[in-house]
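Novice: just coords:
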């Protein structure tokens, strides 16, 4: 039985395949937080409110409340009855999601819509127990997706009953990544509250038994394979090269220098962490492989994987040192595009200082997302999915054990055909599309695939370099929104 | 501000309008437990199992399990793939529901169905903390409908994955009264688990703001009004007559003798409890006004309200004493039909010894069901619905406060049109039909009204005296079951 991480003690902050999906997902989710809208985008303006939310919706012993933050922009709202676009906040500061979901800002006027961005409990300022919220598993006990959905439902019901003109406003849930999963689940569980949902890059099937555990890394690999000569092949070769070079003290030093590591590698344990950090770097690049310069997880050039692969277009005859020189240059595309980094920090792969603990806890409870690699169909070192090891790691970290089947039971798994009015959008470049809904399930559970899109490109501000596919996706999404709004109006007048 | 009960200290065991709906509902639900199938019914046979169920599905701190009891009868099951009829247990011993839901036993063979009766947590043998389950609000914290639904979902998922032949078996939820509410909600929240639901006499709209609070008692009154000359009028007059007669010590004694009370009335406080007991008696009669001799809450004659009203067919000129003599004789139809009662016990209105505490707790948390009387459109003393007083009473009893709007938010209230495959059956004589769905919402959210039916008559064993309406209802229900089973088969083969 393996432990959660190869380097268990440093699992939370460094990388290991056993928990990589956690970190990868988290990084992605938080990375949007790292970016600010390009200067070409119009300034946005919203008001900040706080709602007294029950700490526990599913029990009555804990009757306390906390302040849930939410942001409202009603400049374009047609009242009474104009629609409300409701962002179902993911695990991060809601102001960052608000700033980084340009799509909502761009369509508010044409839809006469109010925008609401609701913060997910335990993130940003919405801490159920203030600074103690993360102190132990007792305080973390109310950090679940069900509680978050109930927060959204109660908040919307309150807004509709207290806000003049909102009583009959149809509400559309919108979210990306984990926030997209929440949007989809929100429509499934609370169709009385939201008339429809846009679930952008939402891997609602990345749960045990639903999709092959290796698909995620296969897509990462494909992105590299098609972005430059020998690119995936050389990354696949690099792991062994790292092992080889690291076998001597001078090799370790050389490797540390080549990568400009802030903390030089001291031993093989640290080399394991180093490899995991590199692996996550490639994953992150696959998620943010956008066609224009963007600052998501990191400031990056347009089509950053192509830029990375330029350094890896090496023949099979190169030496380990030559290969790793290329890998180091490639990594620096990701970590030092702006040239402002004096050294590379292997304890981070994206915007730092945003506590990942909340998402770790969620991954260790409900959000059990199997990942695996075989080194053949993907460019990574082989590692099987090991639920028991994962569970032991969670128990070690939080004193809780994940429930592998719960998400599938409570959210329907692949049996969701009886639901309605959900758009599942996915980017063809996005590894998270492996766990997404990429085909139409019914006439009102529809899939939109954006072949040239990375992670929820459709939610971002429009850009002159947007591929046609994402432009079409956004148009179609708005068309569905209009349909749902019309449906709702008919229901109100009936 | 009023307290929960007029006689607060005895609220739990005696009666008051403020909590009457709790008791009435509970009595009804438990009363089925009091009956055993008539001897004309075939003997039933089932196996008893226990499933290790999580105590808390919505949090991970409490990772303990308890033994959930469930009963299985697979004699007629066509495997593989034959349907499963799943009774969503209400607040009582599941063996009683099993014994008293003849409809399921009667249709198992024609459908080739397995029958499963799942016990609701905190009732019968399914006690999360054994004898401590009711010890305080901390132990009661996991007694919610959401937890119960999750129990059902997890149990079914387990059965489907472990029971040979069950993998593709369509499951149909069936329940009556609160069990019917659970069936409907189960289909709404877990359409991945159950293909449809029969919600018999399920007052899913008996929540704040959904139906007028007085409708329940209006229906009770109508049942009496049409069952005998002056019947409702004389009950309406009786409350004042009781007050008048009780104003002297000799009057109290006379009243106690006339009603053969086990404990003679001593003061006006006790008279209040006495009136509440009488009120609940009339309510219970309305619920069990069946066309044949039955033993539900009590052993009763056919059309018991008619039998009761024979004693109340008095002219307006009768004296208080004459009127109350009639009322006493009427009450004895309910409490002493068999002639075996030596005295009447005002602390009970139905089968005793079945702890009501669980349902009180549920009513004091999620199941907030407003009731009121005006003495004009109903035959009871006027009493408004007073949520604050109710809440204070709950806080006094359990240290919890009810959440008036939660059930509506989480279960959709009147906005349930997007769901599918639910039959709502209601009896025209049943006061709980006031909070039921008595019209078609869509082609697959259908209402079946049984004009001559009392509380979920359709779930009972068939009887030679069944009105045509209940026979037709059962036929239609089976037709829908067949449709859902076919739909499911198409989905599996698709």
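Specialist: Perfect, I can see it now. Being a predicted model, the structure only gives us computed values, none of them experimental.
Novice: what pairs with residue A:51 across the strands?
Specialist: Bridge pairing for residue A:51 (DSSP bridges) gives the partners residue A:68.
Novice: There's contact between it and residue A:67 in this structure, I believe.
Specialist: Yes. Using CB atoms under 8 Å, residue A:51 makes contact with residue A:67 at a distance of 7.1 Å. (C-beta placed from N, C-alpha, C; glycine too.)
Novice: higher neighbour count, the two?
Specialist: residue A:51 (18 against 15; other CB atoms under 10 Å in any protein chain shown).
Novice: can you pull the contacts of the nearest residue to residue A:70 once chain neighbours are set aside?
Specialist: Nearest non-adjacent residue to residue A:70, counting by CB to CB, 6 or more residues apart in numbering or on different chains: residue A:118, 4.4 Å away. Neighbouring residues of residue A:118 by CB atoms under 8 Å, 6 or more residues apart in numbering or on different chains: A:68-70, A:86-89, A:94, A:151-152, A:155.
Novice: where does residue A:54 sit relative to residue B:410, distance-wise?
Specialist: For residue A:54, the distance to residue B:410 (CB to CB, to the nearest Å) stands at 12 Å.
Novice: Could you give the secondary structure assignment for residue A:197?
Specialist: What DSSP: H, G, I helix; E, B strand; the rest coil gives for residue A:197 is strand.
Novice: Would you tell me whether the helix or strand residue A:474 falls within gets close to chain B?
Specialist: Assigning secondary structure by DSSP states H and E places residue A:474 in helix A:468-493. Yes. Against chain B, helix A:468-493 shows contacts by CB under 8 Å from any CB of the partner chain at residue A:491.
Novice: Now that helix: buried residues?
Specialist: A:469-470, A:473-474, A:477-478, A:480-481, A:484-485, A:487-488 (16 or more other CB atoms under 10 Å in any protein chain shown).
Novice: And the furthest pair within the residues you listed?
Specialist: Spatial extent of the buried residues of helix A:468-493 (CB to CB) is set by the pair A:469 and A:488 at 28.7 Å.
Novice: Pop the domain breakdown of chain A in here.
Specialist: Domains of chain A are assigned by the TED database as A:47-204+A:416-493, A:214-357+A:371-402.
Novice: Could you export those as CSV, including distance to residue B:273 and mean pLDDT?
Specialist: Shown next, in CSV, are the domains of chain A (distance: least, CB to CB, whole Å; pLDDT from 0 to 100):
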stretch, distance to residue B:273, mean pLDDT
domain A:47-204+A:416-493, 28, 97
domain A:214-357+A:371-402, 48, 94
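Novice: who's in contact with the residue in the stretch 201-350 of chain A positioned nearest to chain B?
Specialist: When scored by CB to the nearest CB, the stretch 201-350 of chain A has residue A:209 as its residue closest to chain B, at 9.8 Å. For residue A:209, the contact set (CB under 8 Å, 6+ apart) comprises A:405, A:408, A:413.
Novice: Name the member of those residues with the most neighbours.
Specialist: Among those, the one with the most neighbours (other CB under 10 Å) is residue A:408, at 21 neighbours.
Novice: Now do the SS call for that one.
Specialist: Three-state call for residue A:408 (three-state DSSP): helix.
Novice: Can you measure across stretch A:248-265, start residue to end residue?
Specialist: 11 Å (CA to CA, to the nearest Å).
Novice: So which bits of that stretch are buried?
Specialist: In stretch A:248-265, counting by 16+ other CB under 10 Å, buried: A:251-252, A:254-256, A:258-259, A:261, A:265.
Novice: do stretch A:376-386 as well
Specialist: A:378-381, A:383, A:385-386.
Novice: Close to chain B: what parts of the stretch 251-400 of chain A are there?
Specialist: Near chain B, when you scan the stretch 251-400 of chain A using CB under 8 Å from any CB, you find A:365, A:400.
Novice: For the stretch 251-400 of chain A, which segments count as helices?
Specialist: A:268-287, A:304-309, A:320-335, A:357-363, A:387-398 (DSSP state H, counting those that start in this stretch).
Novice: Surely residue A:62 is in contact with residue A:129?
Specialist: No. With contact defined as CB under 8 Å, residue A:62 does not count as touching residue A:129 (10.3 Å).
Novice: Could you tell me which residues touch both of the two?
Specialist: Common neighbours of residue A:62 and residue A:129 (CB under 8 Å, 6+ apart) are residue A:55.
Novice: State the number of residues packed around residue A:80.
Specialist: 12.
Novice: Please tell me how far residue A:268 sits from residue B:488.
Specialist: From residue A:268 to residue B:488 the distance is 55 Å (CB to CB).
Novice: Quickly note the distance from residue A:182 to residue A:404.
Specialist: When CB to CB is the yardstick, residue A:182 and residue A:404 sit 20 Å from each other.
Novice: Compare neighbour counts for those two and give me the winner.
Specialist: Using other CB under 10 Å as the criterion, residue A:182 and residue A:404 rank with residue A:182 on top: 28 against 16.
Novice: Am I right that the more buried one is in a strand?
Specialist: No. Secondary structure of residue A:182 (three-state DSSP): helix, not part of a strand.
Novice: Run through the residues that contact residue A:471.
Specialist: Taking CB under 8 Å, 6+ apart, we find residue A:471 in contact with residue A:462.
Novice: Tell me how far it lies from chain B.
Specialist: The spacing between residue A:471 and chain B, counted by CB to the nearest CB, to the nearest Å, is 30 Å.
Novice: quick one, strands of the stretch 101-250 of chain A?
Specialist: A:114-118, A:171-176, A:196-200 (DSSP state E, counting those that start in this stretch).
Novice: Kindly reformat those as TSV containing distance to residue B:213.
Specialist: Output for the strands of the stretch 101-250 of chain A, formatted as TSV (distance: least, CB to CB, whole Å):
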stretch	distance to residue B:213
strand A:114-118	33
strand A:171-176	29
strand A:196-200	34
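Novice: From what I see, residue A:407 and residue A:368 are in contact.
Specialist: Yes. With contacts defined as CB under 8 Å, residue A:407 counts as touching residue A:368 at a distance of 6.7 Å.
Novice: okay, and the common contacts of these two?
Specialist: Counting by CB under 8 Å, 6+ apart, the common neighbours of residue A:407 and residue A:368 are residue A:207.
Novice: What are the phi and psi values at residue A:87?
Specialist: Main-chain dihedrals, residue A:87, degrees, to the nearest 10: phi -80, psi 120.
Novice: Burial check on it, number of neighbours?
Specialist: As a burial measure, residue A:87 scores 28 neighbours (other CB under 10 Å).
Novice: For it, which residues count as its bridge partners?
Specialist: Going by DSSP bridges, residue A:87 forms beta bridges with residue A:117, residue A:174.
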